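A.B. asks: requesting a structural model of the entry that follows:
(chains A and B)
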Amino acid sequence: MVNAASRPDGPVEARVADGHKAVLEGPDIRRALTRIAHEILERTKGGEDVVLLGIQTRGVTLAQRLAEQLMQVEGRPVPCGSLDVTMYRDDLRMKPARAIRRTELPPEGVDDRIVVLVDDVLFSGRTVRAALDALNDLGRPRAVQLAVLVDRGHRELPIRADYVGKNLPTSMRENVKVLLAENDERDAVVLGLKEESK
Amino acid sequence: MKRHLISAADLSKDDALLVLDTAEELAQVSGRSIKKLPTLRGRTVVNLFYEDSTRTRISFEAAAKRLSADVINFSAKGSSVSKGESLKDTALTLEAMGADGVVIRHSASGAPHRLANWVQGSVINAGDGTHEHPTQALLDAFTMRQRLGDLEGRRVTIVGDILHSRVARSNVLLLDTLGAQVTVVAPPTLVPVAVDTWPCEVSYDLDAVLPKSDVIMMLRVQHERMNASYFPTVREYSRRYGLDGDRMAALPEHAIVMHPGPMNRGVEIAADVADSVRSTIVEQVANGVSARMAVLYLLLGGSEPAIGKEVSE
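C.D. replies: This is a model prediction of the structure:
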C-alpha cells in the first residue's frame, strides 16, 4: 500500500497532514468559475435563454455562484434551479434508500431553454445520465450543456462536459472532494486516497 | 435485513422525519405534467385488501404507479378468499409471484404481523381491525406540518370513537414520537381500557379542550364495529362531541380541522365545518399519495429498507 504523504507527485507544502492534498484553492476556484461564466456567455451568444440547473448538493452552490458571475458580466439575472437525481440513479439498488433533496425549477421552466447542468466533479458520467433522464421528465429544453468544476476522467458512459474548470488526471484509487464555503466552510478541491486503498 | 411498517411505533423520530421530508419532495411530482419517477421499476407491489376501502387502496395504487412499480390488486371479494382460502395460503401464492412489497388491509388486528412472517417482501399495514393505520398517521402529520410547521410542542386533539379507531392509535404514537402533545376526547364508553398506557391525555369534555388545540381531528363513529350501544342516540353524540360552527369558532385562529374520511356529515362534523378553509380534508387525500410514495420508496427503493422494524415470530 502506498502512503499518500510519501507519494512523489506534487509540492510537499500543498499536502495536508491527513494525506490529502489541495489541488485547487479558493482563488483558483473563483478564477475557474469566472472563466466558465464567460465561456457560457460566449457559446450561448449572451446567455439570453440560459437556465442554470445545479445537481444536488454542491452543483447547486456552484450554479448559484455562476448565476452571480453571469449577472455581474451581463447585468441581467439568469434563472437558476436545483436538480436532485437520486430517484433516477442506476445504483439505487446497491445501497439502502437515501434521503432525497429538493428539485426546484425556476418559474420560467426549462421548455425551449438552453439548460446548463452544473456539477462539482465529472467522473463515471452516471450522475449526468441520471440528470438527463430527470430533465426529460421535467420538460423539453432546446439544448442541454454541462459545466463541471473538475473533470477527473474514468468515464463509463459517452458523456463529456462543455465547460470544465480543471482537468484533473486521477487514478481509480484516488478520491476527489470539492469543498465549498457554503457547504463545507472553505473553498478547495482535495485529492486523497480512497478509504479502502489506504 | 427485512423490515416492515406495521405500527406507527416502528418509526423512530429520525425515521418519521425522513418519511415526512421525503414526502415533501415527492409531493412536487404530483404537480408536474409527467407524474412519474422510474425509482421502483421492476419491483412488484401487491395490494391485499380484505376490507372495503376506496381512499387507501387508490392512494397506495397511485403511489406505487407514480414510482413505476408493478401493482397487483387483490380484493377479498371475487377471489379465492370467498372460496375459503386462508391468509397464509394467499400469502404463499403472493410469495410465489415474488412480491417485493405487500400492502395489507384486514379486519383482524394483527393480520399484517402474521403476514410478515410468511412473505419475503416488506409488509405495509394499510389498516388492521381496530389496531393501527400507520400511513394514515404519516399523511396526517405531513398535513399538520404543511399547515403549522414543526410539530414539536403542538397540541393535537383527537375526538370521537377512539375505542374502534386504528387511526387514533397510530396518530397518538406517531405524534408523540414527533414531540406533539395529544389529547383524546370521547364519551367514556368509547375510550379503550388501556388508554393509560398511551402517550396522551384523556378528556371527556370537548368544549374545555377546544381553545387549547392547534389541531382538531374528528373521527367517524364506526357503526360497523359496534356490537353494543355506546351512546344513547346519534343526536346526543353529535350534540356533545360533534364539531359544529360554534365549536369551530372556539378554536384558536390558526387551528386546523382534520378528518381521515369517510365523513358522516352532520354526525361528528357539520357540513359547513367540513367545507371551511380550516378543514384539511381534501389536502389529506392528496397528501396520502405523497406520504405513501415516501414509505414505498424508503422500504423498497434501495438494497434494503431504510425505515421500519423487523418482525419476529
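
A.B. asks: near chain A, which residues of chain B?
C.D. replies: Taking Cβ under 8 Å from any Cβ of the partner chain as the measure of proximity, chain B contacts chain A at B:18, B:21-22, B:25-26, B:28, B:32, B:34, B:36-39, B:297-306. Yep, even glycine has a C-beta here, placed from its N, CA and C like the rest.

A.B. asks: among those residues, name the ones in helices.
C.D. replies: Secondary structure of the residues of chain B next to chain A is defined by DSSP state H; positions in helices are B:18, B:21, B:22, B:25, B:26, B:297, B:298, B:299, B:300.

A.B. asks: number of nearby residues for the last one?
C.D. replies: Residue crowding around residue B:300 was assessed by other Cβ atoms under 10 Å in any protein chain shown; the count is 25.

A.B. asks: all helices for chain B, in order.
C.D. replies: Secondary structure of chain B (DSSP H): helices located at B:13-27, B:55-66, B:87-97, B:111-116, B:134-148, B:166-177, B:206-209, B:234-241, B:245-249, B:271-274, B:281-300.

A.B. asks: which stretch in those helices has the least confidence?
C.D. replies: Mean pLDDT values for these show the minimum at helix B:87-97, a mean of 87.

A.B. asks: list the contacts of that one.
C.D. replies: Contact with helix B:87-97 is made by B:44, B:46, B:48, B:50, B:72, B:74, B:79-81, B:102, B:106, B:111, B:114-115, B:118-120, as judged by Cβ atoms under 8 Å, 6 or more residues apart in numbering or on different chains.

A.B. asks: report the contact partners of the nearest residue to residue A:169 once chain neighbours are set aside.
C.D. replies: Spatially, and ignoring its direct neighbours in sequence, residue A:169 is nearest to residue A:153 (6.0 Å; Cβ to Cβ, 6 or more residues apart in numbering or on different chains). For residue A:153, the contact set (Cβ under 8 Å, 6+ apart) comprises A:123, A:167, A:168, A:169, A:170.

A.B. asks: now residue A:183: which helix or strand?
C.D. replies: Using DSSP states H and E, residue A:183 sits in helix A:181-184.

A.B. asks: now that helix: average pLDDT?
C.D. replies: Helix A:181-184 comes out with an average pLDDT of 92.

A.B. asks: what about residue B:25, distance to residue B:290?
C.D. replies: Distance of residue B:25 to residue B:290, computed by Cβ to Cβ, to the nearest Å: 9 Å.

A.B. asks: confirm residue A:51 sits in a strand?
C.D. replies: Yes. Looking at residue A:51 with DSSP: H, G, I helix; E, B strand; the rest coil, it is inside a strand.

A.B. asks: and it, how many neighbours does it have?
C.D. replies: Neighbours of residue A:51 (other Cβ under 10 Å): 24.

A.B. asks: swap in the one 5 residues further on?
C.D. replies: By the other Cβ under 10 Å criterion, the neighbourhood of residue A:56 contains 19 residues.

A.B. asks: before we move on, what about residue B:66?
C.D. replies: Each residue near residue B:66 was counted by other Cβ under 10 Å, and the total is 22.

A.B. asks: which element is the residue nearest to residue A:169 on?
C.D. replies: Secondary-structure element containing residue A:153, defined by DSSP H and E: none, the residue being outside all helices and strands.

A.B. asks: tell me the pLDDT at it?
C.D. replies: So, for residue A:153, pLDDT stands at 93.

A.B. asks: also residue A:3?
C.D. replies: The score at residue A:3 is 44. That number is its pLDDT.

A.B. asks: got the contact list for the residue of the stretch 151-300 of chain B found nearest chain A?
C.D. replies: When scored by Cβ to the nearest Cβ, the stretch 151-300 of chain B has residue B:298 as its residue closest to chain A, at 4.8 Å. Contact partners of residue B:298, counting by Cβ under 8 Å, 6+ apart, are A:97, B:18, B:19, B:22, B:305, B:306, B:307, B:308.

A.B. asks: same thing with residue B:272?
C.D. replies: Taking Cβ under 8 Å, 6+ apart as the definition of contact, the neighbours of residue B:272 are residue B:245.

A.B. asks: chain B contacts on chain A?
C.D. replies: Along chain A, the residues adjacent to chain B under the rule Cβ under 8 Å from any Cβ are A:84, A:87-88, A:92-103, A:133, A:137-138.

A.B. asks: what about residue A:189, which SS state?
C.D. replies: Secondary structure, three-state DSSP: residue A:189 is strand.

A.B. asks: for it, which non-adjacent residue is spatially closest?
C.D. replies: Spatial nearest neighbour of residue A:189, chain neighbours left out: residue A:24 (3.8 Å); criterion: Cβ to Cβ, 6+ apart.

A.B. asks: equivalent analysis for residue A:140, please.
C.D. replies: Distance criterion Cβ to Cβ, 6+ apart; nearest residue to residue A:140, sequence neighbours excluded, is residue A:111 at 5.6 Å.

A.B. asks: and the one you found, what element?
C.D. replies: Of the helices and strands defined by DSSP H and E, none includes residue A:111.

A.B. asks: state the distance from it to chain B.
C.D. replies: Distance check for residue A:111 against chain B: by Cβ to the nearest Cβ, to the nearest Å, it reads 10 Å.

A.B. asks: check contacts around that residue.
C.D. replies: Contacts for residue A:111 were tallied using Cβ under 8 Å, 6+ apart; they are A:139, A:140, A:141.

A.B. asks: swap in residue A:138?
C.D. replies: So, once contact is read as Cβ under 8 Å, 6+ apart, residue A:138 ends up touching A:103, A:105, A:110, B:32, B:34.

A.B. asks: list buried residues within those.
C.D. replies: Those of the contacts of residue A:138 that meet the buried threshold are A:103, A:105, A:110, by 16 or more other Cβ atoms under 10 Å in any protein chain shown.

A.B. asks: and which of those is nearest residue B:146?
C.D. replies: Using Cβ to Cβ, residue A:103 is the member of those that sits closest to residue B:146, with 17.9 Å.

A.B. asks: my read: the closest one touches residue A:135, true?
C.D. replies: No. Under the contact definition of Cβ atoms under 8 Å, residue A:103 does not touch residue A:135, with a separation of 10.2 Å.

A.B. asks: what pLDDT is listed against the one residue in the stretch 201-313 of chain B that gets nearest to chain A?
C.D. replies: Nearest to chain A, among the residues of the stretch 201-313 of chain B, is residue B:302, at 3.6 Å (Cβ to the nearest Cβ). The confidence metric pLDDT takes the value 90 at residue B:302.
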